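1. sequence plus the predicted model coming up.
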Amino acid sequence: MADYKYTPADFKSDQEVRWCPGCGDHAILNAVQRALPEIADATDTPHNKFTFVSGIGCSSRFIYYMKTFGFHSVHGRANAIATGVKTANPDLSVWVATGDGDSLAIGGNHFIHAIRRNVDLNLILFNNEIYGLTKGQYSPTSKLGKVTKTSPYGTVEKPFNPGELVIGAKGSFFARSIDMEVMLTKDCLVEAAKHKGMSVVEVLQNCVIFNDKTHALFAGDKATRAQHTITLRHGEKMLFGANKEKGLVFENMKLKVVTIGEDGYTLDHVLTHDAHEQDTTLHAMLAAMKYPEYPVAVGVIRNVDDPCVYDQAVARQVEEVKASSKIKCMDDLLHSGATWEVE
Amino acid sequence: MEQNKVQALQDVVIRFSGDSGDGMQLTGTLFSDTAALMGNSISTFPDYPAEIRAPQGTVAGVSGFQVHFGDHRELNPGDYCDVLVAMNPAALKANRKWLKEGATVILDGDSITEDNLRKAGFVSDDPIAELEITEYNVVVPNITTMTREALKETGLENRAVVKCKNMFALGICFWLFDRTEEHAFAYLDAKFSKKNPVVAEANKLAIKAGYNYAANTHQFANHYRVESANLEKGTYRTISGNVATAWGLMAAAEKAGLPLFCGSYPITPATVILEELAKHKELGVKTVQAEDEIAGICTAIGGAFAGNFAVTSTSGPGLSLKSEALGLAVMIELPLVVVDVQRGGPSTGLPTKTEQSDLVQALYGRNGDCPLIVVAASSPSDCFHYAFEAGRLAMEHMTPVVLLTDGFIANGSEPWRIPSMSDYPTIVPPIVNEAPEGGFMPYVRNEKLARGWAFPGKTGLEHRVGGLEKDAVKGSISHDPANHQKMTRLRAEKVARVADYIPAQEVYGDTEGELLVVGWGGTRGHLQNAVDQLRAEGKSVSLCHFNYINPLPKGVEEIFSKFKKILVCELNEGQFAGYLRQQFQQFHYEQYGKSEGQPFTIVELKEKFQSLID
């Protein structure tokens, strides 16, 4: 454990933060700036190694507010650019700030392939279920039937659940948080940074202007969150409710919400969360839980070891071939193979 | 044996041709490598269908490989062939138009079947008569039967045996042109002897059998000798344009002291560049085979941001997909080389055929006023030089560079006198290692107008870049009208100023006269040959061939002003001519364009030149 003694202020740039007042992005920025000193120590990463890459959208303005290396790219391409940054220099701590439009629509291909390759990136997915910067069109996470400027009669397309997508793409780390839960977000980010390989942290974020209260039914205030979300922690029982009186059990190949002490269910019946389980079945089910049938799962849902980390594997191959090859420079290469002399 | 007299030739063009599964590319390569190793100059041209195994026996499925070899520097693979090896009637039909008057034609007699004749579209049973080549030196050995006979002891099954018939044809050509078998044998041993020694032996037997057949039969009128070319002293190797491009990029990385990073997506005819770079991890090359063309360039841009010399390789359709990201690279002012191996367009077009029709896309195919450097290579081996140049200009001027090659020079190969890396200059990018007093300002520029390149990981240099317009000094977002005007002009001036750092334009031949032929990129060999031939006849023709397209080198107006006529020749409908009209409006430009997916022929060029002189 290093001891850099950084404070959140060390990661604040001099740029004026220009998100709308009340936007959930402020809370995410706050959580990241609080997380980085802890991450620097936990992963022995000095300040100059932190690099943030973003695409386009409200979320992607994020990098201007961080006093780190930053790259605000073009729409949808943050994951591809970040893959290049990390592969070119695996020593960097590379972060992607992106949104539901940026990573799940225009950049969907790069998102799933970065996950499949298991590039050691940390991705923060700001999910507000709307296009904010273009002023209110539906996104690939908008609920079916959502009325927006481009769906005046309601959408007729089903949304993605980012967690399912991550797990389906062979993701090794997925966590979910809620913008207002700054400490939970911070904890998820620290775990994401410690994880070797691609980490996706979805933050359910409120767009106060174009999609206000989209998550409010289960996440609006503390009491609602206690009732309708479940915070998963590795090794702990899956309990929720104001007094942790409710739990999740596995019955008939499904998750089921039960109340402890009712219908014969005791604490022993309640599942214990194992984020490190390689099998994706339960993680996918947890990520897919929807209000109102289920509590929405937050916390680190999946965090498994995957020894094949792309950027490290690329670097390793280079080192191995370098060590075994007779060709050490261009002159060697130019004269290798079939050559002949003209006198 | 009177028929087998030895005739000395200065140069010969052979075309190997058959079904796309007949191994014609390998046959041609083995022949040209052998010729090169024996001291001839060579120039090759593979011409194959887009399908991996196009319908057998049809004209559409014919794959060809042309070799031009001789005793002097061959600048092009030749228009018309002295010898055609045709493995079936379709190959004969497809190549009839490329035969020189009285050429030698070797046609596999076993292939002349009812079925093959119909598939190839012959109406009679006599393809020779039908194509009106009875007066030519046509030899119809039963290649398949003789190969089978020669290989009967090997124990190989019929299918494997028949696959060796291309080697029988190669053996015939070895005898015809007095070439030895050693190189081909060594190649076959290296390729097969570990995995499948029987196959190596069988192929060698087939070569020997073909050679002996040709030596013993009296059907070949002549046995030729082509003397070694009088090449400049040095160590040589053969190299194709795509490999030379990959190596040139690697050389630029070495000379800059930076790792080479290539993000790319496979696309014909550029894929070999990615394949070649993927091989050379020993020199620190990192390759990412991206999920699409856009990710190809974007990973490269990320690599450039992180401090590698980053490149991406593609062809026309891929360049279209990369447009937005290329604009980003212009905006953030990072070094990047985009190699576009041009093919027939638009859209999917003619993937395996050559064209020069991406020029306008390279120059202008982005939103906004978005200038960048465009460079074009003009032969297989000089792809090395211009790839190096692209890297030098990108890194020293902090801008993306598009390097244009084309399917013809990318797949073609020629002997190359191996340069020494000590002949190449050190590349010095404006890398910033520590923050100056007052802090690092990412858009402060040097005398080239290049900004500082500060890699993530360096203390005190934390900064942000992005696609939004930025303040001319600090790099922070700026929507100020005057600042945008200033930045737009700075980006243009930075590219224009590159003219101070490239060689002045040269003219080949006399510096004044009747006709100035103007070309660019991969047509150099054909244009120069045609100009040479007319000059030998005493005609007043010179050639002004361009490798630096944007900015144009200095001295162009001076050259153009000394000729009565200017003829711009290019494999498109006039893109460079249009560009020149915009740059130098005072001149009148004649155009000669061709969009057939094929290189120019010397014959057609000479005719055109002639018509403008007379």
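-> Structure's in. What do you need? Numbering: from 1, shown residues only, chains lettered A, B, ... in the order given.
2. can I get whichever strand or helix holds residue B:492 as PDB, trimmed to CA atoms?
-> If you go by DSSP states H and E, residue B:492 is part of helix B:481-496. C-alpha atoms of helix B:481-496 as PDB (Å, rounded to 0.1, in the frame of the first residue of the first chain):
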ATOM      1  CA  PRO B 481     -15.000  33.500 -33.100                       C
ATOM      2  CA  ALA B 482     -11.500  35.100 -33.500                       C
ATOM      3  CA  ASN B 483      -9.900  32.100 -31.900                       C
ATOM      4  CA  HIS B 484     -11.600  29.700 -34.300                       C
ATOM      5  CA  GLN B 485     -10.500  31.800 -37.200                       C
ATOM      6  CA  LYS B 486      -6.900  31.800 -35.900                       C
ATOM      7  CA  MET B 487      -6.900  28.100 -35.300                       C
ATOM      8  CA  THR B 488      -8.300  27.200 -38.700                       C
ATOM      9  CA  ARG B 489      -5.500  29.200 -40.400                       C
ATOM     10  CA  LEU B 490      -2.900  27.800 -38.100                       C
ATOM     11  CA  ARG B 491      -3.800  24.300 -38.900                       C
ATOM     12  CA  ALA B 492      -3.700  25.100 -42.700                       C
ATOM     13  CA  GLU B 493      -0.400  27.100 -42.400                       C
ATOM     14  CA  LYS B 494       1.200  24.200 -40.400                       C
ATOM     15  CA  VAL B 495       0.600  21.800 -43.300                       C
ATOM     16  CA  ALA B 496       1.500  24.400 -46.000                       C
END
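3. what comes up buried for that helix?
-> For helix B:481-496, a neighbour-count test (16 or more other C-beta atoms under 10 Å in any protein chain shown) marks B:487, B:491, B:494-495 as buried. Using the backbone N, CA and C atoms, a C-beta is placed for each residue, glycine as well.
4. then stretch B:575-586?
-> Here stretch B:575-586 shows B:575-580 as buried, counting by 16+ other C-beta under 10 Å.
5. could I get the full set of strands for the stretch 151-300 of chain A?
-> Ranges of strands in the stretch 151-300 of chain A, per DSSP state E, counting those that start in this stretch, are A:173-178, A:199-204, A:229-232, A:239-240, A:246-251, A:254-259, A:296-303.
6. got CSV for those, with mean neighbour count too?
-> Formatted as CSV, the strands of the stretch 151-300 of chain A follow (neighbours: other C-beta atoms under 10 Å in any protein chain shown):
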stretch, mean neighbour count
strand A:173-178, 28
strand A:199-204, 28
strand A:229-232, 24
strand A:239-240, 22
strand A:246-251, 18
strand A:254-259, 14
strand A:296-303, 25
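7. quick check: the residue of chain A nearest chain B.
-> Residue nearest to chain B within chain A: residue A:84 (2.4 Å; C-beta to the nearest C-beta).
8. which strands and helices sit next to the helix or strand containing that residue?
-> Secondary structure from DSSP H and E places residue A:84 in helix A:78-88. The contact analysis (3 or more C-beta pairs under 8 Å, 6 or more residues apart in numbering or on different chains; DSSP states H and E) places helix A:78-88 against strand A:50-54, strand A:93-99, helix A:108-117, strand A:121-127, helix A:310-324, strand B:260-264, strand B:286-289, helix B:293-305.
9. and residue B:389, which of these is closest to it?
-> Nearest to residue B:389 among these is strand B:260-264; the distance by C-beta to C-beta comes to 15.4 Å.
10. check which helices and strands the helix or strand just after that closest one sits against.
-> Per DSSP H and E, the first helix or strand lying C-terminal to strand B:260-264 is helix B:271-279. Counting contacts by 3+ C-beta pairs under 8 Å, 6+ apart, helix B:271-279 is packed against helix B:241-256, strand B:260-264, strand B:286-289, strand B:309-314.
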